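Undergrad: okay, structure incoming, though there's no sequence with it:
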């Protein structure tokens, strides 16, 4: 393996392709010792602030290096890793730029060479009054910087001020575009691009005017908002005060009502006292009248009491006689009831004899009917027996049917056995079908996992896949979904090799066989649907089966087990593209054994790319020394291709599933035929069984008939023997009934005599009851009169008690009301009503409306009138809610506040008018020059694009003319004639198109630029050769004009036969194992040797 390049060595001779100047040390980089050179004071073609010299010590890849650029275009060229971008980093950090501007590291200590504790960057800037030398020393341990200007210690803030005074802006992408920030230029918003352009090429006051406008506009908005709020607040205050004006009047009106309420409440206790006193006198008189009435009622009740006692003695005597008669009646009634019970029993006995005779008559009639029916049945059975044929010849038929049944049963058993076998076969096939289907579902699930990973990581690509599946009819030839979906790893352990070898952009790229189809796809998906997708075209001639330059058998001795192509399956166009683009048929994959002998592998095999178990090796050949240089990187873990789907096995499973379905159909057809046969046999079996049953019934029918006839004859004989004599039974019953009737007549005579005695007793009892009723009636009348008189007496006594209690209560109430009335009026025991209450109600001050004075004695003299007036006044007073004594004070304060607000609003409006006038003036000074500047940029930008047969525009964009913070520069480009102008964004254009657009915009700024230099690092890497050549010509023509600023163009390569200008300075950065040591580098000695060689050559 070739030894690694020595990064500690300094750049080689930086030759120039332009005519050498008289003083080469001023333009060509040279080596020097650690001592600082004298300051350069030459004016020459350098503009103010241009870089004259760059010195780096222990900085990134350099031990010590000094670069002296030219005043115009400086092409810094060198292979990757030699240290070109290190010069860019030195410019940025040396001019007080932040590490984040380069996008490499966030700490300045990371820019010091590894293994060193300190580093230094020194930048010399041209100034007419004397060059400015800025030195920055970096301490790794403290991550600090120490600053010097012209070898004198200073601070970073002073350095930033000196750099800003020369209009150097290393943080402005329009002036300073490092390699890692190229992509961010296209990400600049329109607003950010305008700000960067203003700072870069606008007059010094343009950006200041813009900032002032934004500040003015913000203050104008604040003032407008403030004026609006204060106006609204003032209106609300005025309206509220108008409402409060009414509240003040209502407050005094309420006070008048409250005062009247107070007077009424003061008089009300006196009226209550007078009313109660009068009521007391009335109750006392009524009590005396009721007392006299009670005495008279008690005297009138004595005669009534004596008469009631006499009547009560008569009533007791009559009730005793009535009880004796009632006892006699009860005894006679009991005897009558006994006679009636005996008569009823005789009647019941007669009824029982008649019912028994009826039952015997019914039994005899029923026996005769059954005898007749039995004889008829015997006659029918005998007739049927005569007609029954001889059944001895039926047995052979029965035996034949039995044999047929056995044969059919055997056939059925065979058929059912075959049906069971077919059903088992069908179940087995269905299980096998389910197993195969589950396998296919698992394969589909794995494919869905790949699609889910695509959707999660690249949603636009996934949406484009869905669109493609629904619109395949729009394409003439085959279109393949993203390569990551088409690739199927044979072993997912090898996925890491494929993902590390194929770029992620190509893994998610669609593969087309026709460029016309690709244009249709991109126009629909990228232009119309705004999806960020990639697309590639498969080679017309297939590379899929192209054999490797060396067979794998020769490489197995080094531990290689496969080429990348053999690790996965893919459709032929996809495989052909990968073979053509990534040479996967030429890249072998090895094991840990390969890594152990990697130096031997590189030297003996001549392979350019090698994969071991965990690393990737890339081998390059030096253009100068022809030695192999290798670099290795660790393999990233696979993310997308780890899901493996064996498509061959899936196709095999689909074929297997079709075969199982075919067998299932055959088994189902056989089952249908067997079931039909089995059904036919069952039908035939049922018919034979029915015939056999009928023959057996015919054979046993005669014997059954003979048995039935014998049984019926026995029953008939028994019924004929069981006879009964109805006439004898009727005669016996009639005799018994006559005897019972004689006994019954005797009992009726006795019952009649008893009833007559009972009736006489009842008449006597009724007479006594009537006498007793007369006595009771008289007694009740007397008692009623007595009760009425007693009730009246009790009521009168109760009335007397109530009146007496009421008198006591009213007396006490009079005393309490007198006491309360005096308390309300604040009177002593001997005082009368005050004069104030007897004259009038106090009037309300402040001149507000009030009722005429009302004297105390003029108020109502009844409680109802006072309560009615109180209710009315309280209702009126309650209408004045929400009022308090502070309302007048608040009203006055608010009037003063309204006056202050009015004055303040006038001042704000004057201030707002002044701001609007200032905005109008600043806007005119800012917008007109800006429009002219953008117009010039657009003119140059459009010319540059026109020269490339493309189109581009730059315009000033804003949505609202008054929103100065929304102004921006919009870049629109078109690289194909079939498309429209599209705004430059990080997503719509390709990387090369963005690089061309960025470069041409920077070139458009070049001639208008007021910055001293511009740096562009490796912006041409994404361009195709045609665009790169055109852009280079424009850069040379623009940057090499007179009176243009210094230009640094860094690139690792250039196309052949490019045009060069005499004003260009081409700086080559060399690095490698054959470089001279820094102390042996002598540029002047090399130049003298070159002159001697030139002079000694023959003409």
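TA: That came in fine, so what should we check first? Keep in mind it's a predicted model, so treat the numbers as computed, not measured.
Undergrad: so which residue is smack in the middle of the chain?
TA: Geometric centre of the chain, nearest residue: residue 456, 18.2 Å, by Cα atoms, centre = their mean.
Undergrad: what's the average pLDDT for the helix or strand where it lies?
TA: Secondary-structure assignment from DSSP states H and E places residue 456 in helix 395-457. For helix 395-457, mean pLDDT is 82.
Undergrad: run the chain-centre distance for that helix.
TA: 48 Å (Cα atoms, centre = their mean, to the nearest Å).
Undergrad: do stretch 159-177 as well
TA: Distance, centroid of stretch 159-177 to centroid of chain: 48 Å (Cα atoms, centre = their mean).
Undergrad: try stretch 323-330
TA: 104 Å.
Undergrad: buried residues, that stretch. List them.
TA: 325, 328-329 (16 or more other Cβ atoms under 10 Å). For every residue, glycine as well, the C-beta is placed using N, CA and C.
Undergrad: kindly report the same for stretch 871-883.
TA: 873, 876-877, 880, 883.
Undergrad: can you put these in a markdown table and add pLDDT?
TA: A markdown table is the format used below for the buried residues of stretch 871-883 (pLDDT from 0 to 100):
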| residue | pLDDT |
| --- | --- |
| 873 | 78 |
| 876 | 75 |
| 877 | 73 |
| 880 | 70 |
| 883 | 64 |
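Undergrad: what's around residue 621, how many residues?
TA: 12 (other Cβ atoms under 10 Å).
Undergrad: how many residues are close by the residue lying closest to it once chain neighbours are set aside?
TA: Nearest non-adjacent residue to residue 621, counting by Cβ to Cβ, 6 or more residues apart in numbering: residue 628, 5.8 Å away. Other residues lying near residue 628 total 16 when counted by other Cβ under 10 Å.
Undergrad: for the remainder of this discussion, apply numbering that starts at 554.
TA: Taking 554 as the first residue, the last one we looked at is residue 1181.
Undergrad: residue 1181 and residue 632, how far apart?
TA: 15 Å (Cβ to Cβ, to the nearest Å).
Undergrad: which element is the closest residue to residue 615 other than its chain neighbours on?
TA: Nearest non-adjacent residue to residue 615, counting by Cβ to Cβ, 6+ apart: residue 609, 4.7 Å away. Using DSSP H and E, residue 609 maps to strand 604-612.
Undergrad: what's that strand packed up against?
TA: strand 615-620, helix 637-647, strand 671-678 (3 or more Cβ pairs under 8 Å, 6 or more residues apart in numbering; DSSP states H and E).
Undergrad: how about 10 Å then?
TA: strand 615-620, helix 637-647, strand 671-678, strand 685-692, strand 1599-1604 (3 or more Cβ pairs under 10 Å, 6 or more residues apart in numbering; DSSP states H and E).
Undergrad: would you mind giving those as a markdown table with mean pLDDT added?
TA: Converted to a markdown table, the helices and strands packed on strand 604-612 look like this (pLDDT from 0 to 100):
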| stretch | mean pLDDT |
| --- | --- |
| strand 615-620 | 86 |
| helix 637-647 | 86 |
| strand 671-678 | 92 |
| strand 685-692 | 91 |
| strand 1599-1604 | 84 |
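Undergrad: would TSV of these with distance to residue 1003 and mean neighbour count be doable?
TA: Output for the helices and strands packed on strand 604-612, formatted as TSV (distance: least, Cβ to Cβ, whole Å; neighbours: other Cβ atoms under 10 Å):
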stretch	distance to residue 1003	mean neighbour count
strand 615-620	48	22
helix 637-647	38	24
strand 671-678	49	22
strand 685-692	49	20
strand 1599-1604	40	24
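Undergrad: how about a markdown table for those, with distance to residue 663 added?
TA: Below are the helices and strands packed on strand 604-612 laid out as a markdown table (distance: least, Cβ to Cβ, whole Å):
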| stretch | distance to residue 663 |
| --- | --- |
| strand 615-620 | 15 |
| helix 637-647 | 10 |
| strand 671-678 | 10 |
| strand 685-692 | 10 |
| strand 1599-1604 | 20 |
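Undergrad: I am finished for the moment; much appreciated.
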